[in-house]
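*Asks:* pasting the sequence and the predicted coordinates here, then a few questions.
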Amino acid sequence: MLETLSKDDRLLLLKFVCAFAWADLQVQKQERQFVHRLVKQLKLEKDEAKQVEGWLENPPAPEEVDPAMVPRKHRKLFLDTAKKLIESDGNIDANEAEIFELLEQLLV
């Protein structure tokens, strides 16, 4: 399913994933590794990968991760990927769970 994403949708997905990585106010090593694997899987260009790295250093602005921006046909993919990210460090923080629940309500 990832291969069906446009360039813009790939970056939007990664922006959402990075925002979730910041939900507990710190990006864990496992979360960073998850994002790096996703960048490789999506075959991003160097400038795009650099942009994603910036989101791991400083979270995207809230208005940049508006659930209304997620294309309807990709909503399940965005939710599944966000869930995998928050599970990647083996500890689901209460803030992560709450934000995921809210995103799920908004996208479903």
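*Replies:* Structure received.
*Asks:* from here on, contacts and neighbour counts on C-alpha atoms
*Replies:* Fine.
*Asks:* which residue packs closest to the residue most central in space within the chain, ignoring adjacent ones?
*Replies:* Nearest to the mean C-alpha position of the chain, by CA atoms, centre = their mean, lies V17 at 1.0 Å. In this structure, V17 finds its nearest non-sequential neighbour in A82, 5.5 Å apart by CA to CA, 6 or more residues apart in numbering.
*Asks:* distance check, that neighbour against A97.
*Replies:* According to CA to CA, to the nearest Å, A82 stands 10 Å off from A97.
*Asks:* pLDDT at E96, what is it?
*Replies:* E96 carries a pLDDT score of 86 in this model.
*Asks:* wait, it touches D24, no?
*Replies:* Yes. Under the criterion of CA atoms under 8 Å, E96 lies in contact with D24, with a separation of 6.4 Å.
*Asks:* ok, the two, which is more surrounded?
*Replies:* Summary of the neighbour comparison: E96 and D24, criterion other CA atoms under 10 Å, with E96 having more neighbours (23 against 16).
*Asks:* and the more buried one, how far from L11?
*Replies:* Distance from E96 to L11, by CA to CA: 21 Å.
*Asks:* please apply the same query to L44.
*Replies:* For L44, the distance to L11 equals 9 Å [CA to CA].
*Asks:* got phi/psi on E45?
*Replies:* Dihedral pair for E45: phi -70, psi 160, per degrees, to the nearest 10.
*Asks:* any idea how far W22 is from it?
*Replies:* From E45 over to W22 the distance is 23 Å, taken as CA to CA.
*Asks:* for those two, indicate the residue with more neighbours.
*Replies:* Residue environment comparison for E45 versus W22 gives the larger neighbour count to W22, 22 against 12, counting by other CA under 10 Å.
*Asks:* test my guess that that one contacts P60.
*Replies:* No. Under the criterion of CA under 8 Å, W22 is not in contact with P60, lying 9.1 Å apart.
*Asks:* any chance you could map the helices in this protein?
*Replies:* Listed in chain order, the helices found in the chain under DSSP state H are 7-21, 29-41, 46-57, 75-87, 94-107.
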